[in-house]
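Engineer: this is the structure alone, sequence omitted:
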């Protein structure tokens, strides 16, 4: 068991025996010398307001419905341990305008209904924010220079909204729970995926990625892994990815991918290797391989009004069966096959228009 986990569990156990104080508004350092002392004094429903400065401590939210508030210039130096912990059983925490630096994990959130707003996490040796509780909202928060994932959502019903995530050693956002939302978030310079939903062991159903800006990823822009199903990928802009911009992995089922704009994927713009996909109104420009590639397990999907231009191989390459292609358009593929649409039998093709480079 690592030091961060031991610290988290010991904090949870200690707080389960803590006495209950009256709610108060506490100023740090004027009324309490440390942030933790202030949280202990504030009681359930209390507010701790922290003055500008650097605080060398590992913060633990002490009671339900507490607010911890900085002014944007409050820095918590975790000293190589977790910067802030919301223990299991603590609900309704609000953390605003605090910077967490030089931690193992910037924030470890185990209490439900937590809100993180306008915070910063930088220089962690593990995850930026690790969420193991439901109904957590992370908003307007910057997460940079983390060794693993920027945000790790291991649970259901969380929201990441208008955040900035950059320079991660693994995926920008890892989603292993159901019905989470990643909205309006900018993700760049990730060592692996911009966003990874699901893995080879965990279901990740019904998740939403919308209005995000994803670029300069070491692997795919968005990867829907083997156990993911029923996710919605809408209106994102994805560019300069090392592999696919959007990758629907083998066994990943029933996703809706709509109105995304993709530029300069080094491999495929959209690769589909799972059944029952709905792919519509996407614009794919300048793919290093095929614009939209359907592997042999991409069956029974619907492809409607997609626009594919300047792929270096085929505009569409189709290996799956039982799919319907309606009103898709493409121009100018340049690869060895020199076809903008490579069809396979047992699919339906209606009113598709392609101009080839032949």
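Structural biologist: Looks like it arrived, so ask away. For clarity, every value in this text was computed on a predicted model and none was experimentally measured.
Engineer: endpoint to endpoint, stretch 140-149 covers what distance?
Structural biologist: 17 Å (CA to CA, to the nearest Å).
Engineer: can you give me the buried ones in it?
Structural biologist: Using 16 or more other CB atoms under 10 Å as the test for burial, stretch 140-149 gives 141, 142, 143, 144, 145, 146, 147, 148, 149. For every residue, glycine as well, the C-beta is placed using N, CA and C.
Engineer: and for stretch 52-66?
Structural biologist: Those would be 55, 57, 58, 59, 60, 61, 62, 63, 64, 65, 66, for stretch 52-66 by 16+ other CB under 10 Å.
Engineer: what of stretch 303-322?
Structural biologist: 303-311, 313-318, 320.
Engineer: remind me which residues of the stretch 201-350 of the chain are low pLDDT?
Structural biologist: 334-340 (pLDDT under 70).
Engineer: please repeat the previous calculation with a cut-off of 80.
Structural biologist: 202, 332-343 (pLDDT under 80).
Engineer: that one: helices as residue ranges?
Structural biologist: Under the criterion DSSP state H, counting those that start in this stretch, the stretch 201-350 of the chain contains no helices.
Engineer: follow-up on the earlier one: save the buried residues of stretch 140-149 as TSV, and put in secondary structure and pLDDT too.
Structural biologist: Output for the buried residues of stretch 140-149, formatted as TSV (DSSP: H, G, I helix; E, B strand; the rest coil; pLDDT from 0 to 100):
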residue	secondary structure	pLDDT
141	coil	98
142	strand	98
143	strand	98
144	strand	98
145	strand	98
146	strand	98
147	coil	98
148	coil	98
149	coil	98
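Engineer: and those residues, which is closest to residue 294?
Structural biologist: residue 149 (29.6 Å; CB to CB).
Engineer: quick check: bridge partners of the nearest residue to that closest one once chain neighbours are set aside?
Structural biologist: Spatial nearest neighbour of residue 149, chain neighbours left out: residue 174 (4.5 Å); criterion: CB to CB, 6 or more residues apart in numbering. Beta bridges link residue 174 to residue 152, residue 196, judged by DSSP bridges.
Engineer: residue contacts, residue 300?
Structural biologist: Counting by CB atoms under 8 Å, 6 or more residues apart in numbering, residue 300 makes contact with 275, 276, 320, 321, 322, 323.
Engineer: before we move on, what about residue 145?
Structural biologist: Contacts of residue 145 by CB under 8 Å, 6+ apart are 122, 123, 124, 166, 167.
Engineer: how near is it to residue 116?
Structural biologist: Applying CB to CB, to the nearest Å, the value for residue 145 to residue 116 is 18 Å.
Engineer: for residue 305, same thing?
Structural biologist: 38 Å.
Engineer: just residue 230 next, same as before
Structural biologist: For residue 230, the distance to residue 116 equals 27 Å [CB to CB].
Engineer: neighbour count: those two, which is higher?
Structural biologist: Neighbour totals were compared for residue 230 and residue 116, and residue 116 leads with 27 against 16 (other CB atoms under 10 Å).
Engineer: for the helix or strand hosting that one, packing partners?
Structural biologist: Per DSSP states H and E, residue 116 falls inside strand 115-117. Helices and strands touching strand 115-117, by 3 or more CB pairs under 8 Å, 6 or more residues apart in numbering; DSSP states H and E, are strand 94-103, strand 137-139.
Engineer: how about those strands, which one is nearest residue 191?
Structural biologist: strand 94-103 (19.2 Å).
Engineer: thank you, goodbye.
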